[in-house]
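Novice: Next comes the sequence, and after it the predicted model I'd like to discuss.
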Amino acid sequence: MNQKKRKKRKLRTWVKVVIGILIVLLLWLIVYPLYQSQKKSTSQNNESTENYVVDTDVSIIIDPGHGGMDGGALSSSNKSEKDLTLEYALQIGEDIKKLNPNIDVSYTHTTDEIPWENVNSLDYALDDLNGRMNLVNDQDPDYLLSIHFNSKEDKSEYGYESYVRGDDIASDTIYKYIVKNLDAIPWSKNNGCWSTEGYPLQMVDMVKAPSMLIELGFLTNDKEAKELENNEFKEKICMAIAKAYCQYIAEHPEASQRQDVSKNPNVIPENLPDNLKSEETKSEENNTDNSQS
Ligand SMILES: [Zn+2]
């Protein structure tokens, strides 16, 4: 073999090695990012199903804010608030159970039929509120979430907001988590977490548990109503709310702090049902009865 041929063969082997290395490098560049993104999505999936599981006995009642005779507001596509609140309540409850099966989830009603009696047919709204409030307080849950949708003559108005007691740190914190989760979708805008101080709301002020009434967007706003009725948005919004509750409960797995309803400045003690009256009010009432007789 002459010198020239040997040189050529040496050169060919060298080129083959370089091409081999380049191919390996190229494959690595393609495969590695794919592997990383798959790893990331698996850990995200795990986060949505596992991170919220804690050992706990806490319970939550979810209240679809309307039902039966009371349809509530009407959306621009003629869907009634009572139908939407029921859909959202059931979905949020299901999602909470998915995230942490240890949380006891129940509802004030699960169909359009409401389980409480309307004794005073002259004031249906008052009867309805009393029925809801009594049902919740009888079950004495750790949390109450009452779901509503907003409406206004000004159809450009949009966004969600909530009402909690001024001293209810639990509901205030949970609302902050809800805002964080809805921003991450992203969906609509936060119009604030309002205190019921000076704006009495029976389902917040006359319930022992940390209680939040949420107005989940404006049905009178075309865009917002369409989004709220869209399944994909509904699933994301419900999961955002469920995650907020499960995050708070994971951080506070113990029973929640109940309020002494009779001490709430928004409440007229005499108007309370017997089981919510303080011992003082009860004995004062007894004294008055005695002096009258
Ligand atoms: Zn409502």
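Specialist: Structure's in. What do you need?
Novice: Pull the contacting residues for the residue of the stretch 1-150 of the chain found nearest the ion.
Specialist: Nearest residue of the stretch 1-150 of the chain to the ion: residue 148, at 3.4 Å (CB to the ion). Where C-beta positions appear, they are placed from N, C-alpha and C, glycine not excepted. Residues counted as contacts of residue 148 (CB atoms under 8 Å, 6 or more residues apart in numbering) are 65-66, 72, 81, 85, 213-216.
Novice: Just give me the least confident of those.
Specialist: For the contacts of residue 148, the weakest pLDDT value sits at residue 72, with 89.
Novice: Touching, that residue and residue 82? I think so.
Specialist: Yes - contact criterion CB atoms under 8 Å: residue 72 and residue 82 qualify, at 5.2 Å.
Novice: what about the closest residue to residue 56 other than its chain neighbours, distance to residue 52?
Specialist: With CB to CB, 6 or more residues apart in numbering as the criterion, residue 56 has its nearest non-adjacent residue at 3.8 Å, and that residue is residue 253. Applying CB to CB, to the nearest Å, the value for residue 253 to residue 52 is 11 Å.
Novice: ok, those two, which is more surrounded?
Specialist: Neighbour count, other CB atoms under 10 Å: between residue 253 and residue 52, residue 52 has more, with 21 against 15.
Novice: three-state assignment of that one?
Specialist: The three-state label given to residue 52 by DSSP: H, G, I helix; E, B strand; the rest coil is coil.
Novice: Surely it touches residue 101?
Specialist: No - checked against CB under 8 Å, the pair residue 52 and residue 101 is beyond contact range at 10.1 Å.
Novice: which SS state does the residue of the stretch 1-150 of the chain closest to the ion fall under?
Specialist: Under three-state DSSP, residue 148 falls in the strand class.
Novice: Residues in a beta bridge with it, which ones?
Specialist: Here residue 148 sits in beta bridges with residue 215, going by DSSP bridges.
Novice: quick one: pLDDT of it?
Specialist: For residue 148, the model assigns a pLDDT of 97.
Novice: Same question for the one 5 residues further on.
Specialist: For residue 153, the pLDDT comes out at 94.
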